[in-house]
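Student: the following comprises the amino acid sequence and a computationally predicted model.
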Amino acid sequence: MSERTLPLDPSLRSTDTIEFQNALRSKIVGQAEGVQAVVDLYQVFCAGLNSPGRPVGNLLFLGPTGSGKTRIIEAAAEILFGDARSVIKVDCAEFQHSHEIAKSGTPGDASADHPGSAGGQPYGQAETELSVV
């Protein structure tokens with residue numbers, strides 16, 4: 001039996017990944033790096049290289065308001081699941097100023113009734129607005 005070596009070429013894409021990439025690029029303009037990050041993650045999923053029972057990935061898109069961070073994820077969800085709202089999205093725009101951090105219910109707020117809460121409220125705004133779709 002002869003031993004055969006197969007080259008591993010990360011630039012090769014499955015048909016599913018190519019279709020996903022083309023669909024995403026048709027919806028997103030000017031965000032080549034963000035689109036590529038999502039496509040690369042999808043390729044890992046298609047190849048079965050993700051850990052079972054764990055999320056396929058967690059993505060953190062950073063940039064100024066209006067740069068298309070949310071749109072990339074919504075477009076990917078729409079292509080993959082048929083609904084742009086089928087992903088968990090945490091928008092941190094409301095925490096861009098240091099005086100707004102208290103909304104999150106971070107530890108260190110000296111509330112006698114609810115230690116670690118913001119302004120005596122049992123939970124911060126970020127905790128109450130996050131929902132699983």
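Tutor: Happy to help now that I have it.
Student: where does pLDDT dip in the protein?
Tutor: Of all residues in the chain, those with pLDDT under 70 make up the ranges 1-2, 6, 8, 10, 93, 95-133.
Student: quick one, domains of it?
Tutor: Structural domains of the chain, as assigned by automatic domain parsing, span the residue ranges 15-81, 93-129.
Student: ok, longest helix in the chain?
Tutor: With DSSP state H setting the assignment, residue counts place helix 32-46 as the longest helix in the chain.
Student: give me phi/psi at residue 78?
Tutor: Main-chain torsions, residue 78, degrees, to the nearest 10: phi -60, psi -40.
Student: burial measure for it, as a count.
Tutor: 17 (other Cβ atoms under 10 Å). Placement of C-beta: from N, CA and C, glycine included.
Student: the closest residue to it other than its chain neighbours: neighbouring residues, count only.
Tutor: Using Cβ to Cβ, 6 or more residues apart in numbering and skipping the chain neighbours, the partner closest in space to residue 78 is residue 84 (4.5 Å). Other residues near residue 84 number 16, with proximity taken as other Cβ under 10 Å.
Student: three-state assignment of residue 9?
Tutor: Reducing the assignment at residue 9 to three states with DSSP: H, G, I helix; E, B strand; the rest coil gives coil.
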